[in-house]
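> Quick one, what's the 3D model for this:
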Amino acid sequence: MEYKKTIAFVMAAVIITLTGCGSSAPNNVEKPAQETDSIQIGLSIDSLLIERWSRERDLFVSKAQELGAEVNVQNANGVVEEQIKQIQYFIDKGVDVIVVIAIDDIALKDTIAAAKKEGIKVIAYDRPIRNANVDLYLSVDNEKVGELMAEYIRDYIGNEGSIIQVKGSPTDYNVQMVQDGFERILSTTHIRIDYAEFSEGWVAENGFTVTDEYLKTGKVPDAIMCGNDNLAAHAIRALIEHRLGGKVCVVGQDADLEACQRIVEGTQYMTVYKPVEKLAIKAAERSVDMANGVPLGLRDTFFDGTYDVPYEKLKPVAVTKENMDDVITGKYHQKNEIYLNVP
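Just a heads-up that it's a prediction; the model follows:
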């Protein structure tokens with residue numbers, strides 16, 4: 001029995017590749033020994049440099065395999081042209097469902113249209129794809145993410161003060177939704193955004209550059225809102241170099257392990273945990289359901305600029321030193337990892 005399980009796992013795993021591809025399969029992709037009647041899912045990931053995508057890839061693949069599907073994973077390494085080629089590759093292979101973590105919210109429209117023309121279902125995972133009429137947009141409530149960030153800053157610094165923002169990529173529409181939620185809360189206060197800048201391609205080092213340049217003016221912000229925890233890490237590095245580590249309220253999102261470590265150490269104040277395990281598992285379940293023609297049964301919709309598309313969103317949670325153990329410890333990261341640098 002154990003032998004059979006091992007063989008089944010190997011056969012399911014050999015089609016997984018973590019490199020970009022062109023319109024035909026990359027040289028290092030191992031094709032299955034024989035065609036099967038299994039559901040075929042293509043997963044195109046923005047970039048595995050962001051910690052959460054590796055975790056979600058593994059969860060997605062594991063759940064899909066458990067449900068009898070085969071997954072071909074492609075990593076676009078942050079290059080939108082590669083992602084377009086990967087989606088076209090999935091179309092050429094005739095997969096049943098394509099799941100996309102989009103690099104650019106607009107550039108994929110025509111390729112998605114080509115997939116749908118071939119009868120392939122498309123899920124926009126975490127990030128919306130605009131004007132594309134995808135079959136499902138599955139994400140976290142991104143406006144709520146922004147609200148949680150702003151609420152924490154307001155509660156910590158009071159009803160007035162100055163902040164700077166190191167935002168995410170301008171081609172990621174989630175960034176705008178987070179900003180909408182953030183500004184909605186700030187509009188009820190006297191807190192002002194003194195400086196804000198996007199980070200093209202989510203380049204994490206921009207967190208350092210923006211923060212360092214601002215601090216060199218002689219001003220110190222009351223808080224820094226960062227588009228994710230990678231940006232927060234570099235903003236904090238700049239603060240430390242200016243001997244301000246732990247003295248400025250820094251918030252981020254994703255609940256990366258290093259962010260959780262910084263929170264219990266006191267250099268980052270808050271992160272937003274997005275239940276990515278549930279998100280990845282739900283995406284796998286929805287993919288298999290779609291391939292089998294099972295109705296989604298969703299009421300919520302998201303306007304993608306042209307179409308109202310089915311929308312399924314999960315609830316984010318603000319994570320601080322005070323609730324770290326309740327929300328994260330033993331569930332998302334292990335205690336010995338989180339408190340690695342805390343006596």
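> the helices in the stretch 101-250 of the chain, which residues?
For the stretch 101-250 of the chain, the helices defined by DSSP state H, counting those that start in this stretch cover 109-117, 142-157, 173-186, 206-215, 229-241.
> ok, the residue nearest to C226 when sequence neighbours are not counted - contacts?
Take C226 and drop its neighbours on the chain: the residue closest to it by C-beta to C-beta, 6 or more residues apart in numbering is A232, 3.9 Å away. The C-beta positions use only the backbone N, C-alpha and C, and glycine is treated the same way. Taking C-beta atoms under 8 Å, 6 or more residues apart in numbering, we find A232 in contact with 166, 207, 224, 226, 250-252, 259, 262, 268, 271.
> Could you tell me which of those belong to strands?
Among these, the residues falling in strands (DSSP state E) are 166, 224, 226, 250-252, 271.
> Throw these into a markdown table and include neighbour count and pLDDT, thanks.
Listed next are these as a markdown table, based on neighbours: other C-beta atoms under 10 Å; pLDDT from 0 to 100:
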| residue | neighbour count | pLDDT |
| --- | --- | --- |
| V166 | 29 | 98 |
| I224 | 28 | 98 |
| C226 | 31 | 98 |
| V250 | 31 | 98 |
| V251 | 28 | 98 |
| G252 | 29 | 98 |
| T271 | 30 | 98 |
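> Generate JSON lines for those, with distance to G42 as supplementary columns.
Converted to JSON lines, the ones in strands among the contacts of A232 look like this (distance: C-beta to C-beta, whole Å):
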{"residue": "V166", "distance to G42": "33"}
{"residue": "I224", "distance to G42": "38"}
{"residue": "C226", "distance to G42": "32"}
{"residue": "V250", "distance to G42": "37"}
{"residue": "V251", "distance to G42": "35"}
{"residue": "G252", "distance to G42": "30"}
{"residue": "T271", "distance to G42": "31"}
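> biggest separation within those, which pair?
Taking C-beta to C-beta as the measure, those span a maximum distance of 14.2 Å, between V166 and T271.
> For V100, which residues count as its bridge partners?
S44, A124 (DSSP bridges).
> For E66, see how far away it is.
22 Å (C-beta to C-beta, to the nearest Å).
> okay, the two: which has more neighbours?
The residue with more neighbours, out of V100 and E66, is V100; 29 against 13, by other C-beta atoms under 10 Å.
> and the more buried one, what pLDDT?
What the model reports as pLDDT for V100 is 97.
> Show the contacting residues for D155.
By C-beta under 8 Å, 6+ apart, D155 has no neighbours at all.
> I misspoke; the intended subject was A284.
By C-beta under 8 Å, 6+ apart, A284 lies in contact with 41, 59-61, 63-64, 67, 69.
> so where is the stretch 201-343 of the chain shaky, pLDDT-wise?
For the stretch 201-343 of the chain, not a single residue meets the criterion pLDDT under 70.
> Make a markdown table out of the contacts of A232 and add distance to D304.
Listed next are the contacts of A232 as a markdown table, based on distance: C-beta to C-beta, whole Å:
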| residue | distance to D304 |
| --- | --- |
| V166 | 27 |
| G207 | 29 |
| I224 | 31 |
| C226 | 27 |
| V250 | 32 |
| V251 | 28 |
| G252 | 27 |
| A259 | 30 |
| R262 | 35 |
| Q268 | 33 |
| T271 | 28 |
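> nearest to V342, of those residues?
Out of the contacts of A232, the member with the shortest distance to V342 (by C-beta to C-beta) is R262, at 10.7 Å.
> Can you get me a residue count around that closest one?
Number of residues near R262 (other C-beta under 10 Å) recorded here: 23.
> Any chance of the backbone angles for the closest residue to it other than its chain neighbours?
Leaving aside its chain neighbours, R262 sits nearest to Q268 (3.8 Å; criterion: C-beta to C-beta, 6+ apart). Dihedral pair for Q268: phi -110, psi 140, per degrees, to the nearest 10.
> For N142, see how far away the one residue sitting closest to the centre of the chain is.
Centroid-nearest residue in the chain, with C-alpha atoms, centre = their mean: D126, separated by 5.7 Å. From D126 over to N142 the distance is 9 Å, taken as C-beta to C-beta.
> shared neighbours of the two, anything?
Counting by C-beta under 8 Å, 6+ apart, the residues touching both D126 and N142 are N174.
> thinking again about what came up before, to E285, which of the helices of the stretch 101-250 of the chain lies closest?
Among those, helix 109-117 sits nearest to E285 (C-beta to C-beta), with 20.2 Å.
> Show me what the closest one is packed up against.
helix 80-93, strand 121-125 (3 or more C-beta pairs under 8 Å, 6 or more residues apart in numbering; DSSP states H and E).
> Reformat those as CSV; add mean pLDDT.
CSV is the format used below for the helices and strands packed on helix 109-117 (pLDDT from 0 to 100):
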stretch, mean pLDDT
helix 80-93, 97
strand 121-125, 97
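> Tabulate the ones you listed in TSV, adding columns for mean neighbour count.
Shown next, in TSV, are those (neighbours: other C-beta atoms under 10 Å):
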stretch	mean neighbour count
helix 80-93	20
strand 121-125	26
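> V203 is nearest to which of those?
So among the helices and strands packed on helix 109-117, helix 80-93 is nearest, using C-beta to C-beta, at 14.7 Å.
> Distance from that closest one to the middle of the chain?
20 Å (C-alpha atoms, centre = their mean, to the nearest Å).
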